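Chemist: Any chance you can model this:
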Amino acid sequence: LPPGPLDSLGQWLTWTEKQAAVHGGGKRFINYFACGPVYLACFHYPWGRPFAGADFVFDSDLPPSSGLSSSSALVILSTDFFLRCNPRVGAPLSIPELLDVYGNGEWYIGTRGGKGDHAAIKLCRRGLVQPVITTPELRILPPAPMPTGYDIVLYDSGDQANKSVEPFRTAFNTPIISYQVCEMMLTRMLWSAPSPSVAQLREARSAMDPKHRRIYLGDVINYGLLSEAEVFRFLRGVPQRMSRAEIFARFPEHARDFQAGMEHASEPEGGYRVRDVAAFGFGECARARDAGSLLAAGDTLGFAAMMNVSQLGDQVTEVPDPACRRVKLLEDDALFAMEQKGFPLRELAGDYHVSTPNIDRLVALCRDCPDVLGARLSGAGLGGAVIVLGKEGFSEALDPILQREYYEPLRKQFRKIRISPSQGAGFY
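Modeler: Numbering: from 1, shown residues only. The predicted structure is shown next:
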């Protein structure tokens, strides 16, 4: 625990950066169990009280470092047991409070992710697809039925990425800085705007931690702060690349916030790719907005098409098709044309760039199968699994192709998991 109580998320961020450097962060398995309990001790219990511990024996078929949220699953497991063993005075933590504990607590290992994975694990519904918005306020949207006549299968690429150690840590955290730069630009432009929606956001976030007093990319989409045409116009004003020095010079009032996020990650060669990363983020928010309605309407093909656009945004190998390059690597003239022609924002790929050459190869092989509709990496990328949506039974034809064309040449173990929506994590 820290030497004294912490007062804010900023202090938690700074302290956990130092802890990850001293105690190994994600290199040490036990640290995943500490994430939630340490955060709870700092923010949700009287400072200095003793706690009861627990011994764990557990089993799982969830492969680690494969984009399947194994670290988040451990954080939820340890946090829920800690709360069960150490009753708090007063009302139980609400779901939004729990998600804050899970997501912010996981910063203890040195990553700087959100709480979307934790929300999916906790709030999923059997037989349904459950859309949620998690940042900064939790919004649980109406669930959509899982379409019948289709299968969802995960194929393990065999590439592992522990995002709490280098070089994966820098690759994982770098796009987050690009998001933050774009959000600072949005906040400068919109925070004082005479808009009822913005006024509502300002009021709701005035009581939150200061880090949330900003306009997020998701706010623009979920609250309609800008039209899709205005998003393309805004992106034309976003620099394609920025160095750290340029970021600090442009946002001196946020220098400490940026410095805390950059402290233990190297500056990427060529600077932060702010525009293309932000474009990916806007596109992902639009795809998340539309996913539930597409599934509810039975438009599985439309949903699968969005999976393919997402993978294009993550792709790291060369993109030879000019039309695909135009929606991935965004030049001013392309953005102007999209604005003028009413190009759907959900078809904007951008370039988040966290796939791997092997995952790109695996995805391409999957999409060559006639009964596969969509395929993309699962999770935060840099390794892991590919999630594939196709007509019922598609894997019978695909499996031997992948064995012959991917797993055997690369000498990787064939591993697949068939997916069906289950009930959220809890005590049963």
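Chemist: which residues of the stretch 51-200 of the chain score low on pLDDT?
Modeler: 162-167 (pLDDT under 70).
Chemist: What segments of it are strands?
Modeler: With DSSP state E, counting those that start in this stretch as the criterion, the stretch 51-200 of the chain has strands at 128-129, 132-133, 139-140, 144-145, 150-156.
Chemist: Which one of these lies nearest to residue 103?
Modeler: Comparing the strands of the stretch 51-200 of the chain by their distance to residue 103 (Cβ to Cβ), the top pick is strand 132-133, with 12.3 Å. (Glycine included, C-beta is placed from N, CA and C.)
Chemist: Pipe the strands of the stretch 51-200 of the chain into TSV and attach distance to residue 34 per row.
Modeler: Output for the strands of the stretch 51-200 of the chain, formatted as TSV (distance: least, Cβ to Cβ, whole Å):
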stretch	distance to residue 34
strand 128-129	32
strand 132-133	26
strand 139-140	29
strand 144-145	36
strand 150-156	28
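Chemist: Of all those, which one is nearest residue 334?
Modeler: strand 132-133 (28.7 Å).
Chemist: Show me what the closest one is packed up against.
Modeler: Contacts defined by 3 or more Cβ pairs under 8 Å, 6 or more residues apart in numbering; DSSP states H and E place strand 132-133 against helix 116-123, strand 139-140.
Chemist: And the first one, how far out from the chain middle?
Modeler: When you say that, I think you mean helix 116-123. Centre-to-centre, helix 116-123 and its host chain are 11 Å apart (Cα atoms, centre = their mean, to the nearest Å).
Chemist: Please apply the same query to the shortest one.
Modeler: Distance, stretch centre to chain centre, for strand 139-140: 16 Å (Cα atoms, centre = their mean).
Chemist: Report the buried residues of the host helix or strand of residue 340.
Modeler: Residue 340 is part of helix 332-341, with elements assigned from DSSP states H and E. For helix 332-341, the neighbour count (16 or more other Cβ atoms under 10 Å) marks 334-335, 338-339 as buried.
Chemist: Now pLDDT too, for those, in a markdown table please.
Modeler: Putting these into a markdown table (pLDDT from 0 to 100) gives the following:
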| residue | pLDDT |
| --- | --- |
| 334 | 97 |
| 335 | 98 |
| 338 | 98 |
| 339 | 97 |
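Chemist: Redo the residues you listed as a markdown table? Include distance to residue 423.
Modeler: What follows is the buried residues of helix 332-341, written out as a markdown table (distance: Cβ to Cβ, whole Å):
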| residue | distance to residue 423 |
| --- | --- |
| 334 | 44 |
| 335 | 43 |
| 338 | 41 |
| 339 | 43 |
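Chemist: For residue 211, find the nearest of the strands of the stretch 51-200 of the chain.
Modeler: Comparing the strands of the stretch 51-200 of the chain by Cβ to Cβ, strand 132-133 comes nearest, at 17.3 Å.
Chemist: that older thread, from the contact counts, what lies against the helix holding residue 340?
Modeler: Checking 3+ Cβ pairs under 8 Å, 6+ apart, helix 332-341 ends up next to helix 228-236.
Chemist: average pLDDT for the next helix or strand after the helix it packs on?
Modeler: From helix 228-236 onward toward the C-terminus, using DSSP H and E, the following helix or strand is helix 244-250. Helix 244-250 carries an average pLDDT of 92.
Chemist: what sits up against the next helix or strand after helix 244-250?
Modeler: Next along the chain after helix 244-250, taking DSSP H and E as the criterion, comes helix 255-262. Under the criterion Cβ atoms under 8 Å, 6 or more residues apart in numbering, residues 10, 13-14, 17, 112, 173, 176-177, 180, 211, 244, 247-248, 251 lie in contact with helix 255-262.
Chemist: By neighbour count, which of the residues you listed wins?
Modeler: residue 247 (25 neighbours; other Cβ atoms under 10 Å).
Chemist: returning to that earlier point: and of the buried residues of helix 332-341, the nearest to residue 421?
Modeler: Among the buried residues of helix 332-341, and counting by Cβ to Cβ, the member closest to residue 421 is residue 338, at 34.1 Å.
Chemist: For burial, what's the neighbour tally of the residue lying closest to residue 407 once chain neighbours are set aside?
Modeler: Nearest-residue entry for residue 407: residue 414, 4.6 Å, with adjacent residues in sequence omitted and distances by Cβ to Cβ, 6 or more residues apart in numbering. Residues lying near residue 414 (other Cβ under 10 Å) number 14.
Chemist: mind checking the SS state of residue 414?
Modeler: coil (DSSP: H, G, I helix; E, B strand; the rest coil).
Chemist: can you pull the contacts of it?
Modeler: Residue 414 neighbours (Cβ under 8 Å, 6+ apart): 399, 402-403, 407.
Chemist: are any of the residues you listed buried, and which?
Modeler: Applying 16+ other Cβ under 10 Å to the contacts of residue 414 flags 399, 402, 407 as buried.
Chemist: possible to save those residues as JSON lines with secondary structure?
Modeler: Listed next are those as JSON lines, based on three-state DSSP:
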{"residue": "399", "secondary structure": "helix"}
{"residue": "402", "secondary structure": "helix"}
{"residue": "407", "secondary structure": "helix"}
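Chemist: farthest pair in the contacts of residue 414?
Modeler: Taking Cβ to Cβ, no two of the contacts of residue 414 sit farther apart than 399 and 407, at 9.7 Å.
Chemist: helix or strand for the residue nearest the centre of the chain, which one?
Modeler: Closest residue to the average C-alpha location of the chain: residue 380 at 5.8 Å, with Cα atoms, centre = their mean. In the assignment (DSSP H and E), residue 380 maps to no helix and no strand.
Chemist: Doesn't residue 275 lie inside a helix?
Modeler: Yes - secondary structure of residue 275 (three-state DSSP): part of a helix.
Chemist: okay, now it: neighbour count?
Modeler: The burial count for residue 275: 26, using other Cβ under 10 Å.
Chemist: what does the one 10 residues further on give?
Modeler: Taking other Cβ under 10 Å as the neighbour definition, residue 285 ends up with a count of 21.
Chemist: what do you get for residue 393?
Modeler: 12.
Chemist: I'd like to know how far the residue nearest to it when sequence neighbours are not counted sits from residue 417.
Modeler: Closest residue to residue 393 apart from its sequence neighbours, by Cβ to Cβ, 6+ apart: residue 151 at 6.8 Å. Distance from residue 151 to residue 417, counting by Cβ to Cβ, to the nearest Å: 11 Å.
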